[in-house]
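Engineer: here is my input; please provide its structure:
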Amino acid sequence: MAKRERVMRMSVEQPLWRALAGYRVLTMMYAVGLFAAAYRSFARPWIAVGFFAVLVVWTLATLPRVASAAACTKRFLTADLAIALTGILLTPLVDDPDRVHAGGPTLPSIWTAGSVLAFAIKGGWRWAALASTLVAAANLIERGGPARDTVHNVILVWVASIAIGYVVEVARASERTLARALEIEAATRERERLARDIHDSVLQVLAMVQRRGAVIGGEAAELGRMAGEQEVALRTLVSGGLVPVSRVSEDAAQGAVVRAVEHDGDGTGDDDEPVDLRSLLAPYAGAQVSLAEPGAPVRLAPAAAREVAAAVGAALDNVRGHAGERARAWILVEDEPDEVIVTVRDDGPGIPEGRLAQAEGEGRLGVALSIRGRLRDLGGSADLISVPGQGTEVELKVPKETNHVNDPRGKAEQR
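Structural biologist: Sure, this is the predicted structure:
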């Protein structure tokens, strides 16, 4: 079965960087417009023209710098804030003193908030507090004192930037937690898949060797005993966790990263064409197993059909293991419009109440993983009905439109 690693990247931060880039351009145009409208009121307009020329070039040239956290370096943030502070402190030198004292806008106007927001998105609320405090100090120096409107604007920028910085920190933590949860989910699903495969092959063989060795006796009995010990050890390993959960989640420039191993069918490249479930169930029919199926093909996605057939095989293994070699079993296949139903029934002694829970606690996960786990991953269900003395019936239901494995990408890639 072919394997490939799928890398999913999700980020709640990227939209903020895009919004910041747009904000910087719009507020640059707004600041230039304010200056153009009041050009004749400036005492030294040529100094303001020089500042705005620098501001326009800087804003447009540094748009790639506000595209992501990786591109927005500390050196850039320092230079950007320096330009904003310079514009604020130049205002009393170039503007009319009466306009300054009346609460007129500074040269960069609300463009300054973009610099503070860049600090907030990049470094969180602590960086935002530092940047907004420096801007507040520059505004107080520009006005010559704590005027009411200046204090109001300063507090507004200070509170807003710190709040945004805090929200960004919380979002990053939530993002990493979600990435970790998705990765654990993927690793757990892979562990269950391996556990099913081991149960359907190795554990069944070991159990058979143990039973046959005890019947034959002699050296075969010793071999059977050893096989039984290895079966117990392997079941303990399977129930405890075969696949260690990896720790590859990271908080990169574009957000948290989730890596998961996927299985691309059997590597033949034919996994897009539906297959007839009847052909996969036909080998199970025999002297002790009767197969009843529709006359028309029962088409399912290849991966889904293989898993349903494997679940049927696991149910028949349980019949042979617990009801005896002479027990009869019947397989009924029903092709409904929206789902396929496969029922496996036997005439064995049935399952005593509480036996399944006890078996699962002992690491015997045939029903839990090989049957119910497979159908759960297909989006279907597996119901087991057993009455002591009247046999056992396992009903498997799988929707026709299904993915082989529940895909965590749908939870992540929207972000």
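Engineer: element containing the residue positioned nearest the centre of the chain?
Structural biologist: Taking CA atoms, centre = their mean, the centroid of the chain lies closest to residue 182, which sits 4.0 Å from it. Per DSSP states H and E, residue 182 falls inside helix 148-198.
Engineer: what's that helix packed up against?
Structural biologist: Packing partners of helix 148-198 (3 or more CB pairs under 8 Å, 6 or more residues apart in numbering; DSSP states H and E): strand 2-10, helix 111-123, helix 125-143, helix 219-240, strand 250-252, strand 255-264, helix 374-377, helix 409-412. Any C-beta I mention is one placed from the backbone N, CA and C, and that applies to glycine too.
Engineer: now the strands for the stretch 251-400 of the chain?
Structural biologist: Along the stretch 251-400 of the chain, counting by DSSP state E, counting those that start in this stretch, strands occupy 255-264, 275-276, 289-292, 299-300, 329-335, 339-346, 381-386, 392-399.
Engineer: would you turn those into TSV with distance to residue 52, mean neighbour count and mean pLDDT?
Structural biologist: Below are these laid out as TSV (distance: least, CB to CB, whole Å; neighbours: other CB atoms under 10 Å; pLDDT from 0 to 100):
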stretch	distance to residue 52	mean neighbour count	mean pLDDT
strand 255-264	35	19	52
strand 275-276	69	18	89
strand 289-292	83	16	90
strand 299-300	67	20	90
strand 329-335	74	18	92
strand 339-346	68	21	92
strand 381-386	68	17	85
strand 392-399	63	22	90
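Engineer: tabulate those in JSON lines, adding columns for distance to residue 99.
Structural biologist: Formatted as JSON lines, the strands of the stretch 251-400 of the chain follow (distance: least, CB to CB, whole Å):
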{"stretch": "strand 255-264", "distance to residue 99": "45"}
{"stretch": "strand 275-276", "distance to residue 99": "80"}
{"stretch": "strand 289-292", "distance to residue 99": "92"}
{"stretch": "strand 299-300", "distance to residue 99": "77"}
{"stretch": "strand 329-335", "distance to residue 99": "82"}
{"stretch": "strand 339-346", "distance to residue 99": "75"}
{"stretch": "strand 381-386", "distance to residue 99": "74"}
{"stretch": "strand 392-399", "distance to residue 99": "71"}
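Engineer: which one of the helices and strands packed on helix 148-198 has the lowest average pLDDT?
Structural biologist: Of all those, the minimum mean pLDDT falls on helix 409-412 (a mean of 41).
Engineer: if we can go back for a sec, how big is the angle separating the helix holding residue 182 from helix 111-123?
Structural biologist: Using axes from the mean of the first three to the mean of the last three CA atoms, to 10 degrees, the inter-axis angle of helix 148-198 relative to helix 111-123 is 30 degrees.
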